[in-house]
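Student: Give me a model of this one.
(2 chains)
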Amino acid sequence: MPASPIFNPTDLIRFLPEIILTAMGTLIMVLDPLLNRRESKVYGTLSLATLLAAILAAIYAYSDAGPAFGGMLIVDGFATFFRVLVLGVGILTILPSFSFLKRQQAETSEFHALLLFSIAGQSIMAAANDLIIIFIGLEISSIASYILAGYLRDDKRANEAALKYFLLGSFATGFFLYGVALIYGETGSINLSVVHAVVTGPDAPLPVMVGLAAALMFVGLAFKVSASPFQIWAPDVYQGAPTPVSAFLSAGPKAAAFAIFLRIFMTAFAPIGHAWAPLVWASALLSMTIGNFAALLQTNVKRMLAYSSIAHAGYVMVALASRSEVGIAAAMFYLAAYACMNVGAFAVVSHLSGKGERYQSIEDFAGLAQKQPFVAAMLSIFLLSLIGVPLTGGFFGKFYIFKAALESHLVWLTVLGLLNSAVAAYYYLRLLVMMYFRDPGEAASSAEPLTPAFSAALILPAIGTLVLGIFPGWVLDFAGRSASLVK
Amino acid sequence: MLDTVLFYSFAVLVLGGGILTITRRNAVHSAISLIVSLLGVAGLYLLQAAEFLFAVQIVLYVGGIMVLFLFVIMLVNLDDAAKVREYNRQWIVALVAVAAVGAELGYFFHRGAASFHIAETAAAVPVAVGNTEALADSLFSEYLLPFEIASLVLLVAVVGSVIMAKKRI
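Tutor: Sure thing, here's the model as predicted:
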């Protein structure tokens, strides 16, 4: 066997974002005893700097795009898009967590270290082109998320959330791994490009066996993106987890899981697309319907946003069901818009929830517009975008997804999806009415004044939402160019 | 001939241990049966000339993980749990599942190995190199990246368990 010089400089540059994240995550934990201060400002600021550096590294790596480590990683437009997306979600998670952690008296270096590790895992997933790398990245991201979900250990709901997430998540990864093992047994490779070549080649394995592997991976991945019928964990976990962590879970791991979902199913399993398309079709419809109708009944805002996030996973599944490059580009655009608006909405919840996260019900938003008009205005932007009102990112996200679905002749799915988004408008509007047309209650009156970091946590996603809504071409062009995945 | 005899003896260890693991009421007996089963698997690895896996199976599973299992079982009082009647009433589902798996197995026995495609097995390792060396070679050259990032999984798990166990956050 030739001893391949695996650590050559080009490979390392293409892997630079993950190296930065891991090194700085470790450094932050080492600094903890040296600084001897229970203050998360230092760690938070360091994490923000790390994430910014990693974004720059990801963009720099794209200037010299190509495969790395013998084809195990692939740095293309698609990978770079999702890398920047999960890193950006990281920044938007840390900004509101300054005041949140202080209020809950839970400032540690480990919170930030785990967050960085989780993001490193997602970044690996975004660039992976090999099932074993995908699996390890998924595990890094998931294990760190399980712990973050239960980070407030003395909170019963957080314990429940972490345990449920951990047990069900482990099952889901188990399913995924069975699928990987089957693929290895069938094709003799775990590299997606090689698998694609074998599946389309003359010596192709039985379609049934490939389909079985695809089905097993579908179960694992559908769990991770909280698509129906594997969505049951999401409401409990999003409600129980600390609010900044819920924001993170609903955007970061979900975007990364969709990245590998798209990559695996649109490259290795593209030849049997006609077989898995009905599955994705049904899952998309179920997710949208269950998510939206269950959200109508919620009184807890975090739980409502959790159901809405299930519904939004359904919209992205519609893009996957269209099985086209236009669909991939639409999914990428939608995930970026969704990350902005959802993380922003969760940030407002974390601001208002108070010590011990007492104020989470919809009534607690009463009169927010009178007490803190700026926060209410920002939340309105996010909610309008979640509804899909024009001039926001959410509108163009839905528009492109349903356009892609129509181009692939998924007329029924489009019709039912549009009806669904009309239903969704009700529960988002209810929150808006509560904020603007009711007298302030206890929660709105006792809300803390804004800190600069928290204002940034609202302004940045609001800018993102509006830019995606007014100049969608900037992001969509890039997504369209990156949608042709390497097969 | 000897291979066949050995294979079946190890297979009996694996299956017998497995059945005892799920039927014993006493958790300690279950754990010890599981050790027997894992030893049988180690034997199967040795039959396949995979010495490294054999050693890892014994050191890691039998030596490490199972001893930890036993420690936990002894620390937690399970005497009362052993007296509780089984509350599982899913035997109809179990019967259907067993029948389905049995039918599948019968089908494949009937059709023979050619009925489904299995990728070619890896080329035999030259005797002079040895299984452990070959494994190390591919682990530290071709699969170095997964090997390295797997350490990150362990790091995250360690940090997580420390957070969960610390006196105060």
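Student: quick one, phi/psi of the closest residue to chain B within the stretch 201-350 of chain A?
Tutor: Proximity of the stretch 201-350 of chain A to chain B (C-beta to the nearest C-beta) peaks at residue A:205, 4.1 Å away. In short, each C-beta sits where N, CA and C put it, glycine included. The phi/psi pair for residue A:205 (degrees, to the nearest 10) reads phi -70, psi 170.
Student: To what extent is it buried, counted in neighbours?
Tutor: Residues lying near residue A:205 (other C-beta atoms under 10 Å in any protein chain shown) number 22.
Student: Please report how far it lies from residue A:274.
Tutor: Per C-beta to C-beta, to the nearest Å, residue A:205 is found 17 Å from residue A:274.
Student: Pick out the residue nearest the middle of chain B.
Tutor: residue B:38 (6.2 Å; C-alpha atoms, centre = their mean).
Student: so the residue nearest to it when sequence neighbours are not counted, which of the three states?
Tutor: Nearest residue to residue B:38 in three dimensions, chain neighbours excluded: residue B:61, at 4.8 Å (C-beta to C-beta, 6 or more residues apart in numbering or on different chains). Classification of residue B:61 using DSSP: H, G, I helix; E, B strand; the rest coil returns helix.
Student: how many neighbours does residue B:61 have?
Tutor: 17.
Student: low-scoring stretches of chain A, by residue?
Tutor: A:1-7, A:36-40, A:487 (pLDDT under 70).
Student: most residues in a single helix of it, which one?
Tutor: Longest helix of chain A, by residue count under DSSP state H: helix A:156-187.
Student: so, in contact with chain B or not, that helix?
Tutor: Yes - with C-beta under 8 Å from any C-beta of the partner chain as the criterion, chain B is reached by helix A:156-187 at A:184-187.
Student: Present those as a markdown table; the columns should include distance to residue A:79 and neighbour count.
Tutor: Formatted as a markdown table, the residues of helix A:156-187 next to chain B follow (distance: C-beta to C-beta, whole Å; neighbours: other C-beta atoms under 10 Å in any protein chain shown):
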| residue | distance to residue A:79 | neighbour count |
| --- | --- | --- |
| A:184 | 23 | 16 |
| A:185 | 28 | 15 |
| A:186 | 26 | 22 |
| A:187 | 23 | 26 |
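Student: I'd like to know which of those is nearest to residue A:51.
Tutor: Of all the residues of helix A:156-187 next to chain B, residue A:184 has the smallest distance to residue A:51: 34.6 Å, by C-beta to C-beta.
Student: any idea how far the closest one lies from residue B:3?
Tutor: Counting by C-beta to C-beta, the gap from residue A:184 to residue B:3 is 26 Å.
Student: One more: residue B:160?
Tutor: 45 Å.
Student: what's the answer for residue A:154, then?
Tutor: Distance of residue A:154 to residue B:3, computed by C-beta to C-beta: 58 Å.
Student: Residue A:99: helix or strand, and which one exactly?
Tutor: helix A:77-103 (DSSP states H and E).
Student: With residue A:74 instead?
Tutor: Going by DSSP H and E, residue A:74 is part of strand A:73-75.
Student: Pick out the residue in the stretch 151-300 of chain A sitting closest to chain B.
Tutor: Closest to chain B within the stretch 151-300 of chain A is residue A:188: 3.1 Å, counting by C-beta to the nearest C-beta.
Student: Was I right to think that residue contacts residue A:199?
Tutor: No - assessed by C-beta atoms under 8 Å, residue A:188 is found out of contact with residue A:199, at 11.7 Å.
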